[in-house]
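> return atomic coordinates for the entry below.
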Amino acid sequence: MAAERSYDAIIIGAGQAAKPLSMVLAKAGLKMALVEEKHVGGACVNYG
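Next up, the predicted model:
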């Protein structure tokens, strides 16, 4: 069984707003997780 983990905030999807949002929340002292299935940067950066 996997160990349980707890986070203050979870960002689902690593689009263009994910990086600045995660940085602001981390600087505020929150424990963060970022979940992305495929491409970091979002559809515009990777497919546009």
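
> what's the distance between Gly15 and Glu36?
Between Gly15 and Glu36 the distance is 9 Å, computed by C-beta to C-beta, to the nearest Å. Quick note: C-beta positions are derived from backbone N, CA and C, even for glycine.

> these two: who's more crowded?
Higher neighbour count among Gly15 and Glu36: Gly15, with 18 against 14, using other C-beta atoms under 10 Å.

> quick check: phi and psi at the closest residue to the more buried one other than its chain neighbours.
In this structure, Gly15 finds its nearest non-sequential neighbour in Gly42, 3.3 Å apart by C-beta to C-beta, 6 or more residues apart in numbering. Main-chain torsions, Gly42, degrees, to the nearest 10: phi 90, psi 170.

> could you double-check that Gly42 sits in contact with Glu36?
No: using C-beta atoms under 8 Å, Gly42 is not in contact with Glu36; the gap is 9.3 Å.

> and for these two, which residues touch both?
Here Gly42 and Glu36 share the contacting residues 13-14, 18, scored by C-beta atoms under 8 Å, 6 or more residues apart in numbering.

> what's the ChimeraX line that selects buried ones from the residues you listed?
To isolate the buried members of these in ChimeraX, using 16 or more other C-beta atoms under 10 Å:
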select :14,18
